[in-house]
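Enquirer: Would you be able to build a 3D model of this:
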Amino acid sequence: MSFHLHFDESDLLRCRFALSPLWETQSAVRVLARPGQQGYHLPWLRRIREAAAGLPLEPLWLLMPDGGHSPDFFSPPPVGPLVSFEEEIAAVRAIDPELARQDIEASLRDRPEAWSSAAGQALLADPARSLRELTDLLERAWRALVEPHWPRLRALLEADVAYHSRRLAAVGFERLLGELSPRLSWSGSTLTINDTKTRHSRVLGGQGLVLIPSVFVWPATVGGFEDPWLPAVVYPARGIGGLWTEPGGTTPDALARLLGRARADVLCALDQPAGTSALAHRLDLAPSSVSEHLSVLRAAGLLTSRRYGHQVLYERTPLGIALAVPE
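Expert: Purely as a prediction, here's the structure:
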């Protein structure tokens, strides 16, 4: 089965990338219920084991079928490229409870055992209360499971957007789609998401498409948000295999003697573009120290920098790569 998203010329002019901390939160909750998705995230699972044990996630899991409809209101596509979790969850709280009820009902009907359960019927009986309790639970999941690791996750997601933005300029939209995910294909004016568990078709109608990289969505590629939500495709971000790898021990001793251990660690940690706060979190250094090291490395021609939203991303130059990754 597959999803089909039908474009016109105006849609192609309105395609953009965005990050969604709310999507990562609900997707992280899904990973906890699906052992097949946990392989890349075992270090994270060990770190959040105690916090996750204290969360009553069953109401969310009830609406997360392995195939079938999942409520779109859990994580509507973001209206801007760099929205905060607080902005996203506030928008969910403001949703019409009747719209939430319809979304919940569509999800429950795809699982007869969930539809007939007391918990499922309770969600339908008082949609305003259900919306309030589910959003409260999503916020608790964010605080416990994702927010402590958000600088690391955000750095990877921003690096993915930076990379694919350059690829878009180099190879164009059609080829870029195939690079985002092997499950994406383009024909005529239609984008198809292949190998999905449900069928879906939507005419974009000039709204364009939001492309959202995700750490926790792998191996799936997700799309098909219904009105009134913006059309979106969520795809696996690049580099998740090394997401939880710590930089300690990866810095060559010769480079540490040349640059100093801390400065060499900063250079070696930039295997993907990252900002000051993300590097400081990853290396357990003060942001002021990381900022000073980045300035020196940039002045020496080992790094370049460019602005993305409200922050500056740094990445290695060819000379920086040659020093950090010697043959």
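Enquirer: Show me the strands in the chain, by range?
Expert: For the chain, applying DSSP state E gives strands covering 3-6, 16-17, 184-187, 190-193, 200-203, 210-214, 222-223, 232-236, 303-308, 311-316.
Enquirer: Quick one, which of those gets closest to Glu88.
Expert: Glu88 lies closest to strand 210-214 among the strands of the chain, at 11.8 Å (CB to CB). (C-beta placed from N, C-alpha, C; glycine too.)
Enquirer: Just the angle for the closest one relative to strand 232-236, thanks.
Expert: Between strand 210-214 and strand 232-236, the angle comes out at 30 degrees (axes from the mean of the first three to the mean of the last three CA atoms, to 10 degrees).
Enquirer: who's in contact with strand 210-214?
Expert: Residues from elsewhere that reach strand 210-214 (CB atoms under 8 Å, 6 or more residues apart in numbering): 15-20, 23-24, 27, 77-78, 157, 160-161, 164, 180, 230-238.
Enquirer: Would you write a ChimeraX line that selects the buried entries of the residues you listed?
Expert: This is the ChimeraX syntax for the buried subset of those, where burial follows 16 or more other CB atoms under 10 Å:
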select :15,17,18,19,20,23,24,27,77,78,157,160,161,164,180,230,231,232,233,234,235,236,237,238
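Enquirer: so how far is His6 from the residue most central in space within the chain?
Expert: When CA atoms, centre = their mean is applied to the chain, the residue found nearest the centroid is Ser214 (2.6 Å). Using CB to CB, to the nearest Å, one gets 24 Å for the distance from Ser214 to His6.
Enquirer: Let me know the pLDDT of Arg49.
Expert: The per-residue pLDDT reported for Arg49 equals 91.
Enquirer: And Pro35, by the same measure?
Expert: 74.
Enquirer: how about it, what does it touch?
Expert: No contacts exist for Pro35 under CB under 8 Å, 6+ apart.
Enquirer: give me every residue that touches Leu209.
Expert: Applying CB under 8 Å, 6+ apart, the residues near Leu209 are Leu5, Phe7, Asp11, Arg14, Cys15, Arg16, Leu191, Pro231, Ala232, Val233.
Enquirer: Now with 7 Å, please.
Expert: Leu5, Asp11, Cys15, Pro231, Ala232, Val233 (CB atoms under 7 Å, 6 or more residues apart in numbering).
Enquirer: burial of the second one, as a residue count?
Expert: Right, Asp11. 20 (other CB atoms under 10 Å).
Enquirer: In this structure it contacts Leu204, no?
Expert: Yes: counting by CB atoms under 7 Å, Asp11 does reach Leu204; the two are 4.4 Å apart.
Enquirer: what's the spacing between the residue nearest to the centre of the chain and Ser291?
Expert: 29 Å.
Enquirer: Then Asp271?
Expert: Per CB to CB, Asp271 is found 19 Å from Ser291.
Enquirer: Could you do Glu315 as well?
Expert: Distance from Glu315 to Ser291, by CB to CB: 16 Å.
Enquirer: and Ala33, what does it touch?
Expert: Trp61, Met64.
Enquirer: Go again with 6 Å.
Expert: Contact partners of Ala33, counting by CB atoms under 6 Å, 6 or more residues apart in numbering, are Trp61.
Enquirer: And His4, by the same measure?
Expert: Applying CB under 6 Å, 6+ apart, the residues near His4 are Thr190, Thr192, Ser201.
Enquirer: With respect to Val296, which of these is nearest?
Expert: Among the contacts of His4, Thr192 lies closest to Val296 (CB to CB), at 48.3 Å.
Enquirer: Touching, that closest one and Ser2? I think so.
Expert: Yes: if you go by CB atoms under 6 Å, Thr192 and Ser2 touch, sitting 5.2 Å apart.
Enquirer: Quick check: which helices or strands does the longest helix seen in the chain pack against?
Expert: Longest helix of the chain, by residue count under DSSP state H: helix 150-171. Other elements packing on helix 150-171 under the criterion 3 or more CB pairs under 6 Å, 6 or more residues apart in numbering; DSSP states H and E are helix 276-283.
Enquirer: got the contact list for the helix it packs on?
Expert: So helix 276-283 is contacted by Pro151, Arg152, Ala155, Asp265, Ala269, Pro287, Val290, Ser291 (CB under 6 Å, 6+ apart).
Enquirer: same thing but at 7 Å, please
Expert: 151-152, 154-155, 247, 265-266, 269, 286-287, 290-291, 294.
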